[in-house]
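**Q** return a 3D structure for these sequence lines:
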Amino acid sequence: MIKLFLFDIEGTTTDINFVHKVLFPYSFNSLESYILNHQTHSVVVKVIEDVKKTVWDEEEKQLGLYDVVAKLKEWVTNDRKHPALKEIQGLIWDAGYSKGEFKGHLYPDVKPFFTKIISTKALVGIYSSGSVHAQKLIFGFSTEGDLTPMISYFFDTKVGGKREKASYEKISFETKLSPNEIHFFSDIPEELSAAKAAGMYVTQLLRDGTKASEFEGIASFYSLMD
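**A** Presented below is the predicted three-dimensional model:
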């Protein structure tokens, strides 16, 4: 019996275009002013230190403040899943959502499916490469209203990479559920493969533009609400 339905965000609950054509450009354009205006903020200080450390470890280069901004912009362009980038993006997006400059996109089948899951006494969880902070913003300021009260668990790459079996084993451990009590939904076959290897049930979301794979696929969650 499935006790936790676990969802990827980008390409699964949320249009990939919202992330790449709204959120990423907004963070790219806001990075310099945000960091310069908040450079003494404790989280921003750590972000700057983490970027400097990574670049030193990888390239043996010492960065100044404007170099850090340039490196973060490069990582946005390359969609690098670096914790420091995800942290600063979450802060920038928080400001954008709060100002009403955009709302988090959700496909129309998401809220009804969450509602059905909860009605069966099962739980909803999120696992995304975006920070937990950023995840809560998408669902908290969404086109469907605030869905965060419906979500029991949020996981980001602090549990590990999404294409690694160990990450899903850690989620199972942290939720105190057996892997076979968890059903994971994603558009990415490599993520589904890792989750399946950990013992979870998996389903691929075949939103517009997503290529089918060896995994069972559905075009929307409506097919699971009959």
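**Q** only C-alpha atoms for contact and neighbour calcs from this point on.
**A** Noted.
**Q** for the residue nearest the centre of the chain, give its distance to His183.
**A** Nearest to the mean C-alpha position of the chain, counting by C-alpha atoms, centre = their mean, stands Ser128 at 2.8 Å. When distance is defined by C-alpha to C-alpha, to the nearest Å, Ser128 is 15 Å away from His183.
**Q** related to what we said a few turns ago, for the residue nearest to the centre of the chain, give me its contacts.
**A** Residues touching Ser128, when contacts are defined by C-alpha atoms under 8 Å, 6 or more residues apart in numbering, comprise Phe7, Asp8, Ile9, Glu10, Gln135, Phe155, Asp156, Thr157, Lys162.
**Q** for those residues, point out the one with the lowest pLDDT.
**A** Among the contacts of Ser128, Thr157 carries the lowest pLDDT, at 91.
**Q** what sits closest to that one if chain neighbours are left out?
**A** Leaving aside its chain neighbours, Thr157 sits nearest to Ser129 (5.5 Å; criterion: C-alpha to C-alpha, 6 or more residues apart in numbering).
**Q** sec struct for that neighbour, please.
**A** Recorded secondary structure, Ser129: coil (DSSP: H, G, I helix; E, B strand; the rest coil).
**Q** was I right to think it contacts Lys81?
**A** Yes - because the distance of 6.7 Å satisfies C-alpha atoms under 8 Å, Ser129 is recorded as touching Lys81.
**Q** higher neighbour count, the two?
**A** Ser129 (22 against 15; other C-alpha atoms under 10 Å).
**Q** and that one, how far is that from Pro149?
**A** 21 Å.
**Q** so how far is stretch 155-168 from its chain's centroid?
**A** Between the centre of stretch 155-168 and the centre of its host chain there is 11 Å, according to C-alpha atoms, centre = their mean, to the nearest Å.
**Q** how about residues contacting it?
**A** By C-alpha under 8 Å, 6+ apart, stretch 155-168 touches 83, 125-132, 170-171, 179, 190-195, 197-198.
**Q** ok, 10 Å please
**A** Identification of contacts with stretch 155-168 by C-alpha atoms under 10 Å, 6 or more residues apart in numbering yields 6-8, 81-83, 86, 125-135, 169-174, 179, 182, 184, 188-200.
**Q** for the residue nearest to the centre of the chain, what are phi and psi?
**A** phi -140, psi 160 (degrees, to the nearest 10).
**Q** I'd say Pro189 and Gly11 touch.
**A** No - using C-alpha atoms under 10 Å, Pro189 makes no contact with Gly11, being 12.0 Å away.
**Q** what's the lengthiest helix in the chain packed up against?
**A** The single longest helix within the chain, with elements called by DSSP state H, is helix 42-59. Secondary structure elements in contact with helix 42-59, counted by 3 or more C-alpha pairs under 10 Å, 6 or more residues apart in numbering; DSSP states H and E, are helix 24-37, helix 65-78, helix 83-98.
**Q** quick one: it to helix 83-98, angle?
**A** When axes from the mean of the first three to the mean of the last three C-alpha atoms, to 10 degrees is applied, the directions of helix 42-59 and helix 83-98 differ by 140 degrees.
**Q** ok, and for helix 42-59, which residues are buried?
**A** By neighbour count, and taking 16 or more other C-alpha atoms under 10 Å as the criterion, the buried residues in helix 42-59 are Val44, Lys46, Val47, Ile48, Asp50, Val51, Lys52, Lys53.
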